[in-house]
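*Asks:* below is the structure, and that's it, no one-letter string:
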(Lines give C-alpha, C1' and ligand atoms only; values in the text may rest on other atoms or scores of the structure.)
Protein backbone atom coordinates (compact mmCIF):
# COMPACT_ATOMS: atom_id res chain seq x y z
CA UNK A 1 0.00 0.00 0.00
CA UNK A 2 1.44 3.40 -0.97
CA UNK A 3 1.46 5.67 2.06
CA UNK A 4 2.49 8.73 0.02
CA UNK A 5 -0.15 11.43 -0.49
CA UNK A 6 0.83 11.35 -4.16
CA UNK A 7 -1.84 9.93 -6.47
CA UNK A 8 -0.35 8.36 -9.59
CA UNK A 9 -1.94 8.18 -13.02
CA UNK A 10 -2.20 4.42 -12.50
CA UNK A 11 -3.96 4.93 -9.16
CA UNK A 12 -6.25 7.53 -10.70
CA UNK A 13 -7.28 5.18 -13.51
CA UNK A 14 -7.81 2.28 -11.14
CA UNK A 15 -9.92 4.51 -8.90
CA UNK A 16 -11.92 5.79 -11.84
CA UNK A 17 -12.34 2.27 -13.13
CA UNK A 18 -13.67 1.14 -9.79
CA UNK A 19 -16.11 4.04 -9.74
CA UNK A 20 -17.26 3.45 -13.30
CA UNK A 21 -17.17 -0.32 -13.02
CA UNK A 22 -14.61 -0.63 -15.79
CA UNK A 23 -12.08 -2.63 -13.84
CA UNK A 24 -14.71 -4.91 -12.46
CA UNK A 25 -16.48 -7.59 -14.41
CA UNK A 26 -18.98 -6.00 -16.77
CA UNK A 27 -22.38 -7.73 -16.93
CA UNK A 28 -22.92 -10.01 -19.91
CA UNK A 29 -24.15 -8.11 -22.95
CA UNK A 30 -26.96 -9.42 -25.13
CA UNK A 31 -26.49 -8.45 -28.75
CA UNK A 32 -29.98 -9.63 -29.55
CA UNK A 33 -31.52 -7.38 -26.92
CA UNK A 34 -29.41 -4.39 -27.89
CA UNK A 35 -30.29 -4.42 -31.56
CA UNK A 36 -26.93 -2.69 -31.92
CA UNK A 37 -28.31 0.58 -30.68
CA UNK A 38 -25.92 3.48 -31.22
CA UNK A 39 -23.61 4.28 -28.33
CA UNK A 40 -22.98 7.82 -29.57
CA UNK A 41 -24.28 10.78 -27.61
CA UNK A 42 -27.51 12.32 -28.84
CA UNK A 43 -26.81 14.72 -31.73
CA UNK A 44 -27.49 17.73 -29.52
CA UNK A 45 -24.95 16.50 -26.97
CA UNK A 46 -22.06 15.93 -29.40
CA UNK A 47 -19.07 18.21 -28.92
CA UNK A 48 -18.56 18.68 -32.67
CA UNK A 49 -20.51 17.46 -35.67
CA UNK A 50 -18.96 16.77 -39.05
CA UNK A 51 -21.27 16.07 -41.97
CA UNK A 52 -18.38 14.52 -43.90
CA UNK A 53 -17.49 12.09 -41.10
CA UNK A 54 -21.13 11.16 -40.53
CA UNK A 55 -21.59 10.56 -44.26
CA UNK A 56 -18.52 8.30 -44.30
CA UNK A 57 -19.86 6.33 -41.35
CA UNK A 58 -23.17 5.80 -43.10
CA UNK A 59 -21.49 4.85 -46.37
CA UNK A 60 -18.85 2.45 -45.01
CA UNK A 61 -21.05 0.87 -42.34
CA UNK A 62 -23.72 0.34 -44.96
CA UNK A 63 -21.34 -1.82 -46.97
CA UNK A 64 -20.14 -3.90 -44.03
CA UNK A 65 -21.76 -7.33 -43.82
CA UNK A 66 -20.94 -7.95 -40.17
CA UNK A 67 -23.47 -5.88 -38.17
CA UNK A 68 -21.40 -5.90 -34.99
CA UNK A 69 -18.27 -4.63 -36.73
CA UNK A 70 -20.34 -1.97 -38.47
CA UNK A 71 -21.79 -0.95 -35.10
CA UNK A 72 -18.34 -0.76 -33.51
CA UNK A 73 -17.10 1.37 -36.39
CA UNK A 74 -20.09 3.70 -36.14
CA UNK A 75 -19.50 4.17 -32.42
CA UNK A 76 -15.73 4.45 -32.50
CA UNK A 77 -14.75 6.60 -35.47
CA UNK A 78 -16.56 9.76 -34.28
CA UNK A 79 -15.76 9.30 -30.60
CA UNK A 80 -13.12 12.03 -30.47
CA UNK A 81 -15.45 14.54 -32.15
CA UNK A 82 -18.45 13.40 -30.14
CA UNK A 83 -16.90 13.52 -26.70
CA UNK A 84 -13.42 15.06 -26.35
CA UNK A 85 -13.06 18.30 -28.33
CA UNK A 86 -13.68 21.89 -27.31
CA UNK A 87 -13.58 24.22 -30.32
CA UNK A 88 -13.55 28.01 -30.16
CA UNK A 89 -12.71 30.89 -32.46
CA UNK A 90 -10.71 33.79 -31.07
CA UNK A 91 -8.84 36.81 -32.32
CA UNK A 92 -5.73 34.68 -32.71
CA UNK A 93 -7.55 32.06 -34.78
CA UNK A 94 -9.31 28.74 -34.14
CA UNK A 95 -8.40 26.93 -30.94
CA UNK A 96 -9.16 23.26 -30.28
CA UNK A 97 -8.57 21.37 -27.06
CA UNK A 98 -8.64 17.57 -27.37
CA UNK A 99 -8.67 15.62 -24.11
CA UNK A 100 -7.90 11.90 -24.02
CA UNK A 101 -11.29 10.85 -22.66
CA UNK A 102 -11.49 10.00 -18.99
CA UNK A 103 -8.46 12.18 -18.14
CA UNK A 104 -9.16 15.94 -18.44
CA UNK A 105 -5.91 16.85 -20.19
CA UNK A 106 -4.49 17.08 -23.69
CA UNK A 107 -1.57 14.82 -24.57
CA UNK A 108 0.40 15.96 -27.61
CA UNK A 109 0.62 12.37 -28.81
CA UNK A 110 -2.96 11.33 -28.14
CA UNK A 111 -4.59 14.49 -29.48
CA UNK A 112 -2.65 14.19 -32.75
CA UNK A 113 -3.55 10.52 -33.12
CA UNK A 114 -7.17 11.07 -32.12
CA UNK A 115 -7.89 13.50 -34.97
CA UNK A 116 -5.64 11.86 -37.57
CA UNK A 117 -8.39 9.63 -39.06
CA UNK A 118 -10.45 12.74 -39.91
CA UNK A 119 -7.83 14.30 -42.19
CA UNK A 120 -9.11 12.62 -45.40
CA UNK A 121 -12.40 14.50 -44.92
CA UNK A 122 -10.95 18.01 -44.66
CA UNK A 123 -11.52 19.04 -48.27
CA UNK A 124 -15.19 18.10 -47.97
CA UNK A 125 -15.79 19.81 -44.62
CA UNK A 126 -14.49 23.34 -44.07
CA UNK A 127 -15.64 23.36 -40.44
CA UNK A 128 -13.69 20.17 -39.74
CA UNK A 129 -10.63 21.73 -41.36
CA UNK A 130 -10.95 24.69 -38.99
CA UNK A 131 -11.18 22.29 -36.06
CA UNK A 132 -7.93 20.60 -37.08
CA UNK A 133 -6.31 23.99 -37.67
CA UNK A 134 -7.29 24.76 -34.09
CA UNK A 135 -5.54 21.58 -32.88
CA UNK A 136 -2.35 22.62 -34.68
CA UNK A 137 -2.48 26.12 -33.18
CA UNK A 138 -3.15 24.76 -29.68
CA UNK A 139 -0.29 22.26 -29.97
CA UNK A 140 2.01 25.06 -31.08
CA UNK A 141 1.16 26.98 -27.91
CA UNK A 142 1.73 23.84 -25.84
CA UNK A 143 5.19 23.23 -27.30
CA UNK A 144 6.15 26.85 -26.66
CA UNK A 145 4.88 26.50 -23.09
CA UNK A 146 7.21 23.57 -22.43
CA UNK A 147 8.76 21.30 -25.09
CA UNK A 148 9.54 18.70 -22.43
CA UNK A 149 5.93 18.22 -21.29
CA UNK A 150 3.76 15.39 -22.57
CA UNK A 151 0.35 16.63 -21.35
CA UNK A 152 -1.28 20.02 -20.93
CA UNK A 153 -4.31 21.40 -19.17
CA UNK A 154 -7.18 22.91 -21.19
CA UNK A 155 -6.37 26.24 -19.53
CA UNK A 156 -2.73 26.98 -20.38
CA UNK A 157 -2.60 29.62 -17.64
CA UNK A 158 -3.63 27.14 -14.95
CA UNK A 159 -1.20 26.60 -12.09
CA UNK A 160 -3.00 23.35 -11.22
CA UNK A 161 -1.54 20.29 -12.98
CA UNK A 162 -3.01 16.80 -13.06
CA UNK A 163 -3.54 15.42 -9.57
CA UNK A 164 -0.68 12.94 -9.73
CA UNK A 165 1.82 15.58 -10.94
CA UNK A 166 1.48 18.03 -8.05
CA UNK A 167 4.54 16.85 -6.14
CA UNK A 168 6.79 15.95 -9.08
CA UNK A 169 10.39 17.11 -8.78
CA UNK A 170 10.86 18.88 -12.09
CA UNK A 171 10.43 22.37 -13.53
CA UNK A 172 6.64 22.52 -13.70
CA UNK A 173 5.17 25.46 -15.57
CA UNK A 174 1.62 26.89 -15.75
CA UNK A 175 -0.56 24.96 -18.16
CA UNK A 176 1.44 21.74 -17.93
CA UNK A 177 -0.54 18.68 -16.85
CA UNK A 178 2.37 16.26 -16.69
CA UNK A 179 6.05 16.76 -17.54
CA UNK A 180 7.33 13.43 -18.79
CA UNK A 181 9.83 13.93 -21.60
CA UNK A 182 8.99 11.62 -24.51
CA UNK A 183 10.55 12.01 -27.95
CA UNK A 184 7.30 11.18 -29.72
CA UNK A 185 5.46 14.03 -27.98
CA UNK A 186 7.24 16.45 -30.33
CA UNK A 187 6.94 14.17 -33.36
CA UNK A 188 3.18 13.70 -33.45
CA UNK A 189 2.22 17.40 -33.81
CA UNK A 190 4.61 17.74 -36.77
CA UNK A 191 3.09 14.67 -38.40
CA UNK A 192 -0.37 16.18 -38.01
CA UNK A 193 0.68 19.63 -39.24
CA UNK A 194 2.49 18.23 -42.28
CA UNK A 195 -0.46 16.09 -43.36
CA UNK A 196 -2.90 18.98 -42.82
CA UNK A 197 -0.72 21.18 -45.04
CA UNK A 198 -0.31 18.46 -47.66
CA UNK A 199 -4.09 17.93 -47.92
CA UNK A 200 -5.40 21.49 -47.59
CA UNK A 201 -2.42 23.61 -48.80
CA UNK A 202 -3.46 26.01 -46.04
CA UNK A 203 -0.50 27.84 -44.50
CA UNK A 204 -2.40 30.02 -42.01
CA UNK A 205 -1.40 28.06 -38.89
CA UNK A 206 2.27 28.07 -39.91
CA UNK A 207 3.15 31.53 -38.74
CA UNK A 208 6.01 33.00 -36.71
CA UNK A 209 4.68 31.34 -33.55
CA UNK A 210 4.70 27.93 -35.26
CA UNK A 211 8.24 28.61 -36.53
CA UNK A 212 9.37 29.27 -32.95
CA UNK A 213 7.84 25.96 -31.91
CA UNK A 214 9.78 24.17 -34.66
CA UNK A 215 12.98 25.88 -33.52
CA UNK A 216 12.21 24.72 -29.99
CA UNK A 217 11.84 21.13 -31.23
CA UNK A 218 15.22 21.32 -32.95
CA UNK A 219 16.83 22.76 -29.82
CA UNK A 220 15.24 20.10 -27.61
CA UNK A 221 16.23 17.21 -29.85
CA UNK A 222 19.79 18.55 -30.00
CA UNK A 223 20.02 19.06 -26.24
CA UNK A 224 18.78 15.53 -25.64
CA UNK A 225 21.53 14.04 -27.77
CA UNK A 226 23.48 14.83 -24.58
CA UNK A 227 26.83 15.22 -26.30
CA UNK A 228 28.39 17.47 -23.67
CA UNK A 229 26.02 17.24 -20.70
CA UNK A 230 22.86 15.54 -19.49
CA UNK A 231 20.86 18.57 -20.59
CA UNK A 232 18.28 20.65 -18.72
CA UNK A 233 15.55 18.05 -18.23
CA UNK A 234 15.18 16.01 -15.05
CA UNK A 235 12.18 14.35 -13.44
CA UNK A 236 11.48 12.47 -10.22
CA UNK A 237 8.24 11.35 -8.65
CA UNK A 238 7.37 9.80 -5.32
CA UNK A 239 5.73 6.80 -6.88
CA UNK A 240 4.84 3.22 -6.08
CA UNK A 241 5.84 2.11 -9.59
CA UNK A 242 9.46 2.49 -10.70
CA UNK A 243 8.14 3.24 -14.19
CA UNK A 244 6.76 6.58 -12.94
CA UNK A 245 10.11 8.12 -12.05
CA UNK A 246 13.66 8.45 -13.36
CA UNK A 247 16.83 7.24 -11.65
CA UNK A 248 20.18 9.03 -11.43
CA UNK A 249 18.85 12.25 -9.87
CA UNK A 250 16.02 12.37 -12.39
CA UNK A 251 18.13 12.06 -15.55
CA UNK A 252 17.54 8.37 -16.21
CA UNK A 253 19.89 5.43 -16.44
CA UNK A 254 23.44 5.95 -17.73
CA UNK A 255 24.06 6.14 -21.45
CA UNK A 256 26.79 6.94 -23.93
CA UNK A 257 26.18 9.78 -26.42
CA UNK A 258 26.11 8.21 -29.87
CA UNK A 259 23.98 10.74 -31.74
CA UNK A 260 20.55 9.41 -30.80
CA UNK A 261 17.99 11.43 -28.86
CA UNK A 262 17.55 10.48 -25.22
CA UNK A 263 14.04 10.01 -23.89
CA UNK A 264 13.00 9.90 -20.26
CA UNK A 265 9.77 8.06 -20.94
CA UNK A 266 8.14 5.81 -23.53
CA UNK A 267 4.93 6.55 -25.46
CA UNK A 268 3.16 4.64 -22.67
CA UNK A 269 4.35 7.34 -20.20
CA UNK A 270 6.49 4.61 -18.57
CA UNK A 271 10.13 5.32 -17.81
CA UNK A 272 12.67 4.01 -20.29
CA UNK A 273 15.03 1.35 -18.99
CA UNK A 274 17.67 2.40 -21.52
CA UNK A 275 17.17 6.02 -22.59
CA UNK A 276 17.74 5.60 -26.33
CA UNK A 277 14.33 4.50 -27.61
CA UNK A 278 14.69 3.07 -31.11
CA UNK A 279 11.16 3.48 -32.59
CA UNK A 280 11.05 6.98 -31.10
CA UNK A 281 14.30 7.93 -32.81
CA UNK A 282 13.09 6.52 -36.12
CA UNK A 283 9.98 8.68 -35.72
CA UNK A 284 12.23 11.68 -35.03
CA UNK A 285 14.07 11.10 -38.32
CA UNK A 286 10.78 11.29 -40.22
CA UNK A 287 9.76 14.31 -38.15
CA UNK A 288 12.94 16.20 -39.00
CA UNK A 289 12.38 15.48 -42.68
CA UNK A 290 8.93 17.06 -42.38
CA UNK A 291 10.21 20.06 -40.43
CA UNK A 292 12.90 20.64 -43.07
CA UNK A 293 10.34 20.53 -45.87
CA UNK A 294 7.85 22.86 -44.19
CA UNK A 295 10.44 25.40 -43.05
CA UNK A 296 11.81 25.46 -46.57
CA UNK A 297 8.58 25.53 -48.57
CA UNK A 298 6.37 27.65 -46.30
CA UNK A 299 8.65 29.94 -44.29
CA UNK A 300 11.83 29.91 -46.42
CA UNK A 301 13.82 29.48 -43.22
CA UNK A 302 16.88 27.85 -44.74
CA UNK A 303 18.99 28.16 -41.60
CA UNK A 304 16.62 26.10 -39.44
CA UNK A 305 15.84 23.78 -42.35
CA UNK A 306 19.54 23.01 -42.73
CA UNK A 307 19.78 22.40 -38.99
CA UNK A 308 16.92 19.88 -39.27
CA UNK A 309 18.65 18.20 -42.22
CA UNK A 310 21.97 17.84 -40.38
CA UNK A 311 20.28 16.50 -37.28
CA UNK A 312 18.21 14.02 -39.31
CA UNK A 313 21.32 12.74 -41.09
CA UNK A 314 23.17 12.32 -37.80
CA UNK A 315 20.35 10.42 -36.08
CA UNK A 316 19.80 8.20 -39.12
CA UNK A 317 23.50 7.31 -39.19
CA UNK A 318 23.40 6.49 -35.47
CA UNK A 319 20.38 4.24 -36.00
CA UNK A 320 22.13 2.47 -38.88
CA UNK A 321 25.16 1.90 -36.65
CA UNK A 322 23.52 0.98 -33.34
CA UNK A 323 19.81 0.08 -33.59
CA UNK A 324 20.30 -3.49 -34.77
CA UNK A 325 20.84 -6.11 -32.10
CA UNK A 326 21.29 -9.86 -32.12
CA UNK A 327 18.61 -11.78 -30.25
CA UNK A 328 19.34 -15.34 -29.12
CA UNK A 329 16.31 -16.81 -30.91
CA UNK A 330 15.09 -14.09 -33.30
CA UNK A 331 18.47 -13.28 -34.84
CA UNK A 332 19.11 -9.75 -36.10
CA UNK A 333 16.30 -7.37 -35.16
CA UNK A 334 15.80 -3.79 -34.05
CA UNK A 335 16.11 -3.33 -30.32
CA UNK A 336 13.44 -1.42 -28.44
CA UNK A 337 15.86 0.56 -26.26
CA UNK A 338 19.63 0.77 -26.07
CA UNK A 339 22.13 2.64 -23.90
CA UNK A 340 25.05 3.17 -26.29
CA UNK A 341 27.29 0.89 -24.24
CA UNK A 342 26.18 -2.24 -26.11
CA UNK A 343 23.21 -3.11 -23.90
CA UNK A 344 19.75 -3.51 -25.41
CA UNK A 345 16.20 -4.09 -24.23
CA UNK A 346 14.56 -6.58 -26.58
CA UNK A 347 10.80 -6.11 -26.25
CA UNK A 348 7.96 -4.08 -27.71
CA UNK A 349 5.23 -2.03 -26.09
CA UNK A 350 1.70 -1.56 -27.41
CA UNK A 351 1.93 2.22 -27.46
CA UNK A 352 2.91 3.95 -30.68
CA UNK A 353 5.64 4.57 -31.77
CA UNK A 354 6.49 0.93 -31.35
CA UNK A 355 8.60 -1.49 -33.34
CA UNK A 356 5.41 -3.05 -34.68
CA UNK A 357 4.11 0.33 -35.86
CA UNK A 358 7.21 1.46 -37.77
CA UNK A 359 5.66 1.09 -41.26
CA UNK A 360 2.52 2.87 -40.08
CA UNK A 361 4.63 5.90 -39.10
CA UNK A 362 6.68 5.80 -42.29
CA UNK A 363 9.89 4.62 -40.62
CA UNK A 364 10.24 1.61 -42.92
CA UNK A 365 8.27 -0.44 -45.43
CA UNK A 366 6.13 -3.41 -44.50
CA UNK A 367 8.31 -5.77 -46.52
CA UNK A 368 11.64 -4.58 -45.11
CA UNK A 369 13.45 -7.82 -44.13
CA UNK A 370 14.69 -6.39 -40.84
CA UNK A 371 11.19 -5.18 -40.00
CA UNK A 372 9.75 -8.59 -40.82
CA UNK A 373 12.29 -10.28 -38.52
CA UNK A 374 11.51 -7.75 -35.78
CA UNK A 375 7.79 -8.20 -36.33
CA UNK A 376 8.05 -11.96 -35.91
CA UNK A 377 9.86 -11.36 -32.65
CA UNK A 378 7.42 -8.82 -31.18
CA UNK A 379 4.45 -11.03 -32.11
CA UNK A 380 5.94 -14.01 -30.33
CA UNK A 381 6.35 -15.04 -26.72
CA UNK A 382 10.02 -14.08 -26.99
CA UNK A 383 8.68 -10.54 -26.48
CA UNK A 384 8.00 -10.35 -22.72
CA UNK A 385 4.93 -8.20 -23.33
CA UNK A 386 3.25 -10.38 -25.94
CA UNK A 387 0.32 -12.24 -24.43
CA UNK A 388 -1.68 -15.11 -25.89
CA UNK A 389 -4.91 -16.22 -24.22
CA UNK A 390 -8.28 -17.76 -24.91
CA UNK A 391 -9.80 -14.38 -25.88
CA UNK A 392 -7.07 -12.97 -28.11
CA UNK A 393 -3.37 -12.41 -28.57
CA UNK A 394 -1.54 -9.12 -28.65
CA UNK A 395 0.98 -6.81 -27.06
CA UNK A 396 0.67 -5.01 -23.75
CA UNK A 397 3.33 -3.38 -21.61
CA UNK A 398 4.37 -2.65 -18.04
CA UNK A 399 1.96 0.29 -17.83
CA UNK A 400 -0.93 -2.07 -17.03
CA UNK A 401 1.04 -5.27 -16.60
CA UNK A 402 0.93 -8.97 -17.25
CA UNK A 403 -1.76 -10.65 -19.37
CA UNK A 404 -3.37 -7.35 -20.40
CA UNK A 405 -3.59 -6.90 -24.16
CA UNK A 406 -4.00 -3.44 -25.67
CA UNK A 407 -6.47 -3.21 -28.57
CA UNK A 408 -4.15 -0.58 -30.08
CA UNK A 409 -1.61 -3.36 -30.66
CA UNK A 410 -4.16 -5.54 -32.46
CA UNK A 411 -5.27 -2.58 -34.59
CA UNK A 412 -1.65 -1.74 -35.40
CA UNK A 413 -0.97 -5.36 -36.33
CA UNK A 414 -3.82 -5.18 -38.84
CA UNK A 415 -2.61 -1.83 -40.20
CA UNK A 416 0.92 -3.13 -40.82
CA UNK A 417 0.16 -6.36 -42.66
CA UNK A 418 -0.91 -7.12 -46.19
CA UNK A 419 -2.13 -10.57 -45.19
CA UNK A 420 -5.92 -10.70 -45.47
CA UNK A 421 -6.18 -13.65 -43.10
CA UNK A 422 -4.19 -11.79 -40.45
CA UNK A 423 -6.37 -8.71 -40.84
CA UNK A 424 -9.49 -10.84 -40.61
CA UNK A 425 -8.23 -12.45 -37.40
CA UNK A 426 -7.47 -9.06 -35.90
CA UNK A 427 -10.99 -7.86 -36.71
CA UNK A 428 -12.40 -10.98 -35.07
CA UNK A 429 -10.41 -10.36 -31.88
CA UNK A 430 -11.48 -6.72 -31.76
CA UNK A 431 -15.11 -7.66 -32.28
CA UNK A 432 -15.14 -10.22 -29.48
CA UNK A 433 -13.22 -8.27 -26.82
CA UNK A 434 -15.10 -4.98 -26.39
CA UNK A 435 -17.09 -6.57 -23.55
CA UNK A 436 -20.42 -5.35 -24.85
CA UNK A 437 -19.51 -1.68 -24.54
CA UNK A 438 -19.32 -0.92 -28.24
CA UNK A 439 -15.92 0.73 -27.82
CA UNK A 440 -12.22 -0.13 -27.67
CA UNK A 441 -10.43 0.01 -24.31
CA UNK A 442 -6.94 0.69 -23.08
CA UNK A 443 -6.40 -3.01 -22.29
CA UNK A 444 -8.24 -6.22 -21.54
CA UNK A 445 -7.35 -9.53 -19.93
CA UNK A 446 -6.14 -12.09 -22.45
CA UNK A 447 -8.64 -14.66 -21.13
CA UNK A 448 -11.47 -12.43 -19.96
CA UNK A 449 -12.30 -9.26 -21.95
CA UNK A 450 -14.79 -8.15 -19.29
CA UNK A 451 -11.76 -7.28 -17.18
CA UNK A 452 -10.56 -4.13 -18.89
CA UNK A 453 -9.14 -0.67 -18.22
CA UNK A 454 -10.47 2.69 -19.41
CA UNK A 455 -13.99 2.62 -20.75
CA UNK A 456 -13.46 6.00 -22.43
CA UNK A 457 -10.16 6.01 -24.33
CA UNK A 458 -10.65 8.03 -27.51
CA UNK A 459 -7.31 7.25 -29.17
CA UNK A 460 -8.09 3.53 -29.35
CA UNK A 461 -11.60 4.27 -30.59
CA UNK A 462 -10.66 6.53 -33.48
CA UNK A 463 -7.72 4.29 -34.38
CA UNK A 464 -10.18 1.43 -34.80
CA UNK A 465 -12.20 3.72 -37.04
CA UNK A 466 -9.06 4.42 -39.04
CA UNK A 467 -8.47 0.68 -39.45
CA UNK A 468 -11.92 0.19 -40.95
CA UNK A 469 -11.49 3.18 -43.27
CA UNK A 470 -8.10 1.83 -44.35
CA UNK A 471 -9.44 -1.65 -45.08
CA UNK A 472 -12.40 -0.13 -46.93
CA UNK A 473 -9.92 1.68 -49.16
CA UNK A 474 -7.33 -1.09 -49.64
CA UNK A 475 -9.34 -4.32 -49.38
CA UNK A 476 -13.08 -3.58 -49.24
CA UNK A 477 -14.00 -7.19 -49.96
CA UNK A 478 -12.79 -8.09 -46.47
CA UNK A 479 -15.56 -5.92 -44.97
CA UNK A 480 -18.13 -7.33 -47.31
CA UNK A 481 -17.72 -10.81 -45.90
CA UNK A 482 -20.56 -11.90 -43.64
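*Replies:* That came in fine, so what should we check first? Nothing here was measured: the structure is a model prediction, and the numbers come from that model.
*Asks:* and the pLDDT for residue 35?
*Replies:* On pLDDT, residue 35 comes in at 76.
*Asks:* also the one 10 residues further on?
*Replies:* For residue 45, the pLDDT comes out at 98.
*Asks:* could you report the neighbour count for it?
*Replies:* Neighbourhood size, residue 45 [other CB atoms under 10 Å]: 9. Every C-beta, even on glycine, is put in place using the N, C-alpha and C of the backbone.
*Asks:* buried residues, stretch 458-477. List them.
*Replies:* 458-472 (16 or more other CB atoms under 10 Å).
*Asks:* then stretch 174-194?
*Replies:* Per 16+ other CB under 10 Å, stretch 174-194 contains these buried residues: 175-194.
*Asks:* what's the answer for stretch 388-399, then?
*Replies:* 391-399.
*Asks:* residue 102: which of the residues you listed is nearest?
*Replies:* residue 399 (15.1 Å; CB to CB).
*Asks:* quick check: chain neighbours aside, which residue is closest to that closest one?
*Replies:* Spatial nearest neighbour of residue 399, excluding adjacent residues (CB to CB, 6 or more residues apart in numbering): residue 268 at 4.3 Å.
*Asks:* confirm that residue 187 sits in a helix.
*Replies:* Yes. Residue state for residue 187 (DSSP: H, G, I helix; E, B strand; the rest coil) corresponds to a helix.
*Asks:* who's in contact with it?
*Replies:* 280, 283-284, 286-287, 353 (CB atoms under 8 Å, 6 or more residues apart in numbering).
*Asks:* possible to save those residues as TSV with secondary structure and neighbour count?
*Replies:* Shown next, in TSV, are the contacts of residue 187 (DSSP: H, G, I helix; E, B strand; the rest coil; neighbours: other CB atoms under 10 Å):
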residue	secondary structure	neighbour count
280	helix	25
283	helix	27
284	helix	29
286	helix	20
287	helix	26
353	coil	28
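*Asks:* and the residues you listed as JSON lines, adding distance to residue 320 and pLDDT?
*Replies:* Listed next are the contacts of residue 187 as JSON lines, based on distance: CB to CB, whole Å; pLDDT from 0 to 100:
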{"residue": "280", "distance to residue 320": "16", "pLDDT": "98"}
{"residue": "283", "distance to residue 320": "16", "pLDDT": "98"}
{"residue": "284", "distance to residue 320": "14", "pLDDT": "99"}
{"residue": "286", "distance to residue 320": "15", "pLDDT": "98"}
{"residue": "287", "distance to residue 320": "18", "pLDDT": "98"}
{"residue": "353", "distance to residue 320": "18", "pLDDT": "98"}
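*Asks:* in strands, which of the buried residues of stretch 458-477 fall?
*Replies:* Using DSSP state E, no member of those falls within strands.
*Asks:* between those residues, which sits nearest residue 424?
*Replies:* Once CB to CB is applied, the member of those that ends up nearest residue 424 is residue 471, at 9.6 Å.
*Asks:* that closest one and residue 477 touch, don't they?
*Replies:* No. Using CB atoms under 8 Å, residue 471 makes no contact with residue 477, being 9.4 Å away.
*Asks:* all helices for the stretch 151-300 of the chain, in order.
*Replies:* For the stretch 151-300 of the chain, the helices defined by DSSP state H, counting those that start in this stretch cover 183-200, 208-223, 278-297.
*Asks:* next, format those as JSON lines and append distance to residue 149.
*Replies:* Output for the helices of the stretch 151-300 of the chain, formatted as JSON lines (distance: least, CB to CB, whole Å):
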{"stretch": "helix 183-200", "distance to residue 149": "8"}
{"stretch": "helix 208-223", "distance to residue 149": "11"}
{"stretch": "helix 278-297", "distance to residue 149": "16"}
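*Asks:* which one of those helices lies closest to residue 252?
*Replies:* helix 183-200 (12.6 Å).
*Asks:* quick check: closest non-adjacent residue to residue 73.
*Replies:* Residue 73 sits nearest to residue 468 (CB to CB, 6+ apart), 4.5 Å away.
*Asks:* the one you found and residue 452, how far apart?
*Replies:* According to CB to CB, to the nearest Å, residue 468 stands 21 Å off from residue 452.
*Asks:* torsion angles phi and psi at the residue nearest to residue 219 when sequence neighbours are not counted?
*Replies:* Excluding its sequence neighbours, the residue lying closest to residue 219 (CB to CB, 6+ apart) is residue 147, at 7.7 Å. Dihedral angles phi and psi of residue 147 (degrees, to the nearest 10) take the values phi -70, psi -10.
*Asks:* go through stretch 321-336 and flag the buried ones.
*Replies:* Buried, per 16+ other CB under 10 Å, within stretch 321-336: 322-325, 327, 330, 333-336.
*Asks:* span of it from start to end?
*Replies:* 15 Å (CA to CA, to the nearest Å).
*Asks:* gap between it and the chain center?
*Replies:* Stretch 321-336 sits 24 Å away from the centroid of its parent chain (CA atoms, centre = their mean, to the nearest Å).
*Asks:* what does it contact?
*Replies:* 258, 260, 276-279, 281-282, 338, 340, 344-349, 355, 358, 370-371, 373-374, 376-377, 380, 382.
*Asks:* ok, the spatially closest residue to residue 407 that is not a sequence neighbour - contacts?
*Replies:* Nearest in space to residue 407, with sequence neighbours left out and distances taken as CB to CB, 6+ apart, is residue 440 at 4.4 Å. Listed by CB under 8 Å, 6+ apart, the contact set of residue 440 reads 76, 407-408, 411, 430, 434, 457, 460-461, 463-464.
*Asks:* identify, from those, the entry nearest to residue 208.
*Replies:* For the contacts of residue 440, with residue 208 as the reference and CB to CB as the criterion, the closest is residue 463, at 33.3 Å.
*Asks:* how close does residue 109 sit to residue 140?
*Replies:* 15 Å.
*Asks:* quick one on the thing from earlier: isn't the residue nearest to residue 219 up against residue 216?
*Replies:* Yes. Using CB under 8 Å, residue 147 is in contact with residue 216, at 4.8 Å.
*Asks:* which one of the two has more residues nearby?
*Replies:* residue 147 (21 against 18).
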